[in-house]
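**Q** Need a 3D model of the following:
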Amino acid sequence: MKHLTSLANGVALGGAGLVMMSVLSGCAQEEQKPANKFLVIEQQPNGKYLVVEEVPTDGPSRAVIREKDANGNTVERFMNEAEMKTLAEQEYLKTQDGTSETVQSGESSGGMGLAGTILAVAAGSLLGNMIGNALMNNKNFSQKATSVNQSPYARSAAKSSATSGKKSFFGSSSSSNSASKTNFGS
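**A** Below you'll find the model as predicted:
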């Protein structure tokens, strides 16, 4: 009888494990879907642009562009997903021939042009994950993409992804996980 109880407990734990694995794999697949973004992009005094706000959205990607007019007043204009995609595609073509500032080496702490900033922050959602991943594999692009996004959301996402490899799902360190073994058959 003791063996049947242990066997039943083992089956229940195994079934729970399978359910948990399927739930987690479903979450992982869901995360890979490109997330549309709502951006607030601000022109800097040097004429370059930085992202100051970024929010994931279920709707289409869009942006508010804050620029200074001839009188020095801040003017906001709306950019829809089609306009953003056009700029991102044009800048992506420049990355292919090496003329885009997003792939050139050098200091970029002061931002980039509007098209480069949009490509750096929203390449995956506008042009697809394959292009976004290919660009992020470029060291210069990756550094510049990080430097133009000053939004709290981007800093939070970068911080969580940097620590996510160090912790398991349940919060314990993966290197010090020394769970005791249970023999269900004895």
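
**Q** Contact partners for the residue lying closest to residue 36 once chain neighbours are set aside?
**A** In space, and not counting its chain neighbours, residue 36 is closest to residue 61: 4.4 Å by C-beta to C-beta, 6 or more residues apart in numbering. Backbone N, C-alpha and C define where each C-beta goes, glycine included. Applying C-beta atoms under 8 Å, 6 or more residues apart in numbering, we find residue 61 in contact with 36-39, 81, 84-85, 122, 125-126.

**Q** switch to 10 Å and redo it
**A** Shown in contact with residue 61 (C-beta atoms under 10 Å, 6 or more residues apart in numbering): 34-39, 79-82, 84-85, 88, 118, 121-122, 125-126.

**Q** List only those of those flagged as buried.
**A** 36-37, 39, 79, 81, 84-85, 88, 118, 121-122, 125-126 (16 or more other C-beta atoms under 10 Å).

**Q** Go through those and name the one nearest residue 65.
**A** residue 79 (5.7 Å; C-beta to C-beta).

**Q** Any idea what the nearest residue to that closest one once chain neighbours are set aside is bridged to?
**A** Using C-beta to C-beta, 6+ apart and skipping residues adjacent in sequence, the residue nearest residue 79 is residue 63, 4.5 Å away. Legend: beta-bridge partners of residue 63 under DSSP bridges are residue 39, residue 79.
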